[in-house]
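Engineer: output the structure for:
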Amino acid sequence: MPVRVFLLDDHEIVRRGLRELLESQDDLEVVGEASNAEEAMTRVPPTRPDVAILDVRLPGASGIEVCRDLRAQMPELRCLMLTSFADDEALFSAILAGASGYLLKQIRGAELVTAVRRVAEGQSLIDPALTATVMERLRGKHEDERIARLSPQERRILDLIAEGKTNRQIGAEMYLAEKTVKNYVSNLLAKMGFSRRTEAAVYAARTRASQREDRPGGAVS
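Structural biologist: A predicted model of the protein is given here:
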């Protein structure tokens, strides 16, 4: 049976090139494609692919979020992340999402074909040392690194999110347009590896509580 592959990329010409490359191989079959996360979440499950090739950067939700959500539904699915940019934080997020590989679009066609075959067989193309680094972060040794990635403006907005304020309320307090606040929120969520503002709010509140307890006399009964 050929390896069944699904393609997610917001550029039609990229999807067409990938389809032609993969379908030139007797053992590979492209069973579907999508141009954004919403389409992918609708189209992938019915096609039951073995491998999904997902563009990391998409309008709206990222390919990493798609990887995480799809694997929650289909644990057997192997995801290959494809990107134009080398980004350590995106790589870490991809590992956390359960991706089997993280490849740059500069990769040669033959190498991509080999990568698809390898992950379909259950292999991982991600360096085990990188996975170990991510696991170390998960154990909480560098828990506040997520907040350290933020700019001062983003940290202030995160604090207000943790207080339960809406984008409109944040804009009024910081003298920013609501659309500008929305962009800041999207950026800080991406930097922190979250998809929902509630996740960031809970994380910020927990971190602040932990910091208070770590201060002398700061424990709260």
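
Engineer: which phi and psi does Leu103 have?
Structural biologist: Leu103 adopts backbone torsions of phi -120, psi 150, taken as degrees, to the nearest 10.

Engineer: count of residues packed around it?
Structural biologist: Burial of Leu103, expressed as a neighbour count using other CB atoms under 10 Å, amounts to 17. Quick note: C-beta positions are derived from backbone N, CA and C, even for glycine.

Engineer: wait, it sits on Leu82?
Structural biologist: Yes. The pair Leu103 and Leu82 passes the contact test of CB atoms under 8 Å, sitting 5.5 Å apart.

Engineer: overlap in contacts, those two.
Structural biologist: Counting by CB atoms under 8 Å, 6 or more residues apart in numbering, no residue touches both Leu103 and Leu82.

Engineer: ok, then the element right after the lowest-mean-pLDDT helix or strand in the chain?
Structural biologist: When the helices and strands of the chain are compared on mean pLDDT, DSSP states H and E, helix 128-138 comes out lowest with a mean of 61. Remark: after helix 128-138, the chain's next helix or strand is helix 145-148, criterion DSSP states H and E.

Engineer: following element in sequence after that following helix, please.
Structural biologist: Going down the chain from helix 145-148, the next helix or strand is helix 152-162, by DSSP H and E.

Engineer: what comes up buried for the next helix or strand after that following helix?
Structural biologist: Next in sequence after helix 152-162, counting helices and strands by DSSP H and E, comes helix 167-174. Buried residues in helix 167-174, defined by neighbour count with 16 or more other CB atoms under 10 Å: 167, 170-171.

Engineer: helices or strands next to helix 167-174 in the packing?
Structural biologist: helix 152-162, helix 178-192 (3 or more CB pairs under 8 Å, 6 or more residues apart in numbering; DSSP states H and E).

Engineer: got those as CSV, with mean pLDDT and distance to Ile64 columns?
Structural biologist: Below are these laid out as CSV (pLDDT from 0 to 100; distance: least, CB to CB, whole Å):
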stretch, mean pLDDT, distance to Ile64
helix 152-162, 90, 19
helix 178-192, 93, 9
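
Engineer: for Ala52, find the nearest of the ones you listed.
Structural biologist: helix 178-192 (20.6 Å; CB to CB).

Engineer: the residue nearest the centre of the chain and Glu33: what is the separation?
Structural biologist: Geometric centre of the chain, nearest residue: Ile64, 2.7 Å, by CA atoms, centre = their mean. Distance of Ile64 to Glu33, given as CB to CB, to the nearest Å: 18 Å.
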